[in-house]
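Asks: Show me the folded form of this:
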Amino acid sequence: MVRLKHRYLLVTFLYPSSLTGLPIKDSLPDILQFNQPSSDQLTVPLLIKAIREGVAELFGDYGVGVVSSSLQVKYLSPATSTAIIRTPRAHYQLVWAALTFITRLPKPINQPCVVRIVRVSGTIRKSEEEVIKRAKTTILRAQEIPMG
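Replies: Numbering: from 1, shown residues only. The predicted structure is shown next:
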């Protein structure tokens, strides 16, 4: 029996205020402005659709064919703006490239964003540990900054 191997991409969505065109609030620390929560409209099907469209635009039908078989969003948290995406090991670079070229969330949200690949892992466990570590670090950094 052949075992299918996967890679897990830990992704964060960043919303720099300079991209949104909104005035920067001086009272809010930079770390909180940059690491905003995602919209509740960001769902797993919407994210998969955006990834597939990106792969199709960059790599055509071939890219969609090799990636679609096992493309899954295993974890999506709008509160922390993070996601864990499972891809085939042989073609994870195609998904990585498609995510890198996403500059705006899809239609219902239509918000500018930067997608950053934080970690590529062979197991979901290591990705989950990294999500927890990064959330704790962000909270501690935000608490260190005096408000006002």
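Asks: pLDDT on the top helix by length along the chain, on average?
Replies: For the chain, the helix with the greatest residue count under DSSP state H is helix 44-68. Regarding helix 44-68, the rounded mean pLDDT is 94.
Asks: Now do the buried residues in that helix.
Replies: Of all the residues in helix 44-68, those buried under the rule 16 or more other C-beta atoms under 10 Å are 46-48, 50-52, 54-56, 59, 63-64, 66-67. For the C-beta atoms, the positions are set from N, CA and C on the backbone; glycine is no exception.
Asks: what's the answer for stretch 78-85, then?
Replies: Thr80, Ser81, Thr82, Ala83, Ile84, Ile85.
Asks: start to end distance for that stretch?
Replies: End-to-end distance of stretch 78-85 (C-alpha to C-alpha, to the nearest Å): 14 Å.
Asks: same deal with stretch 70-87?
Replies: Using C-alpha to C-alpha, the two ends of stretch 70-87 sit 6 Å apart.
Asks: give me the beta-bridge partners of the closest residue to Val131 other than its chain neighbours?
Replies: Spatial nearest neighbour of Val131, excluding adjacent residues (C-beta to C-beta, 6 or more residues apart in numbering): Thr82 at 5.6 Å. With DSSP bridges applied, Thr82 shows beta-bridge pairing to Thr12, Ser77.
Asks: Now do Thr82 against Gly63, distance only.
Replies: Thr82 is 24 Å from Gly63, where distance means C-beta to C-beta, to the nearest Å.
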